[in-house]
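Chemist: how would this look folded up:
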Amino acid sequence: MTYTTQQLIDILDNELKATWKGERVLLSSGDRLENPVIAKALNWQKVSKVFAYQEFREQIHEYQREYNVSGIIWRVCCYRGNVLRYPELHNQLISVPGDKEILIKAKESVLNFWWEMTQGMKFWLSAHRRRPISLDSIEEFAQETEWAEIDAARTELYLGLCWGNPQEYQYQWAKPDSGCHRIIGAVNEPSSIKV
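Modeler: Numbering: from 1, shown residues only. You can find the predicted model right below:
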């Protein structure tokens, strides 16, 4: 029997808890840093926990590849009594063939929810400094990107228009090959929440 995505998430969660309780230690962690100055400054008990978990997670990723176990989970976005269920790559798993296509197929429903919920709102592009953005610019971004994600606060809605590698799109170093335009929809000014 092959493990499911949720079972792999549960296994990783249990392993992380065991690691931080000190039940998992990687004895060779001292050999992993080549900089002796940094090596002397670190608490190797804590560092060994990090390496132990990383190695375990890499084994889970290899299992995903071997058995083609998806890294996709289904999130729920609730805003003003409306609910949208959409796919997202779990932050501790990798994407396997077919996962990106699942994200791409959900783009239209995410955008439809966004447009319906943000009627009458103002929009800001969340970058280094927030700046207002027009409806036309959002539509242009939406046409150029591959998938969309959404999240909500009490009075704001956050849209991510993403492209590239689902495992790298959130990192600045991945641009321009992978990335995400983050847009805030709010009635007045956006809050200080960082998206």
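
Chemist: make it CA atoms for all contacts and neighbour counts henceforth
Modeler: Fine.

Chemist: Tell me who's in contact with Q167.
Modeler: Applying Cα atoms under 8 Å, 6 or more residues apart in numbering to Q167 gives the contacts L89, I94, S95.

Chemist: of those, closest to G22?
Modeler: G22 has its nearest neighbour among those in I94, at 25.9 Å by Cα to Cα.

Chemist: Now do the contacts for the residue nearest to the closest one when sequence neighbours are not counted.
Modeler: Excluding the flanking residues, the one nearest I94 by Cα to Cα, 6 or more residues apart in numbering is G71, at 5.4 Å. If you count contacts by Cα under 8 Å, 6+ apart, G71 has them with T5, Q64, L89, H90, L93, I94, S95, V96, D99.

Chemist: possible to save these as TSV with neighbour count?
Modeler: Converted to TSV, these look like this (neighbours: other Cα atoms under 10 Å):
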residue	neighbour count
T5	17
Q64	22
L89	20
H90	19
L93	22
I94	21
S95	21
V96	17
D99	19
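
Chemist: What about those, which are in strands?
Modeler: L89 (DSSP state E).

Chemist: Return the distance of R75 relative to P87.
Modeler: 6 Å (Cα to Cα, to the nearest Å).

Chemist: quick one: which of those two has more around it?
Modeler: P87 (23 against 16; other Cα atoms under 10 Å).

Chemist: pretty sure the more buried one belongs to a strand, no?
Modeler: Yes - with DSSP: H, G, I helix; E, B strand; the rest coil as the criterion, P87 is part of a strand.
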